[in-house]
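A.B. asks: got a predicted structure here, sequence first:
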Amino acid sequence: QVQLVESGGGLVQPGGSLRLSCAASGSIFRINVMGWYRQAPGKERELVATITSGGSTNYADSVKGRFTISRDNAKNTVSLQMNSLKPEDTAAYYCNADATANSGGYYRRGDYWGQGTQVTVSS
């Protein structure tokens, strides 16, 4: 199994910045893609940004130029630097990993999620 733990959410004024971090742990064999998703009240969960093990990134149009995703493969961590935050960025942010776990010699690839961290942008 793979566990993901997020940190760094909070309350920030419009135009401000926050940095989210996520650490993966457990019986990790390999992590392929890591990413961040968000879900606002009454809305579906949506992709924010993803990054491959090779460093290729993908961003939602709504965050391009404002958010930056980065990753440390050696530490199994992923971060999201969020600048120029807007009220519409308010949501619960979830870390995601497409990872292969090694359990007693058995390899299982799965889609793993963190518990979420709240980001609120308000004056």
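C.D. replies: It's in.

A.B. asks: torsion angles phi and psi at Glu88?
C.D. replies: The phi/psi pair for Glu88 (degrees, to the nearest 10) reads phi -70, psi -10.

A.B. asks: what's the neighbour count on it?
C.D. replies: 10 (other C-beta atoms under 10 Å). From N, CA and C alone the C-beta is placed, and that goes for glycine too.

A.B. asks: also the one 4 residues further on?
C.D. replies: For Ala92, the tally of surrounding residues (other C-beta under 10 Å) stands at 18.

A.B. asks: let's verify it: helix, strand, or coil?
C.D. replies: Applying DSSP: H, G, I helix; E, B strand; the rest coil to Ala92 yields a three-state assignment of strand.

A.B. asks: in this protein, what helix or strand scores lowest on average pLDDT?
C.D. replies: When the helices and strands of the chain are scored by mean pLDDT, DSSP states H and E, strand 106-113 comes last with a mean of 93.

A.B. asks: contact partners for Ser25?
C.D. replies: Val2, Gln3, Val5, Asn76 (C-beta atoms under 8 Å, 6 or more residues apart in numbering).

A.B. asks: doesn't Asn76 make contact with the third one?
C.D. replies: No: between Val5 and Asn76 there is no contact, the gap being 10.9 Å when judged by C-beta atoms under 8 Å.

A.B. asks: shared neighbours of these two, which are they?
C.D. replies: Common neighbours of Val5 and Asn76 (C-beta under 8 Å, 6+ apart) are Ala23, Ser25.

A.B. asks: the more surrounded of those two?
C.D. replies: More crowded of Val5 and Asn76, by other C-beta under 10 Å: Asn76, with 19 against 14.
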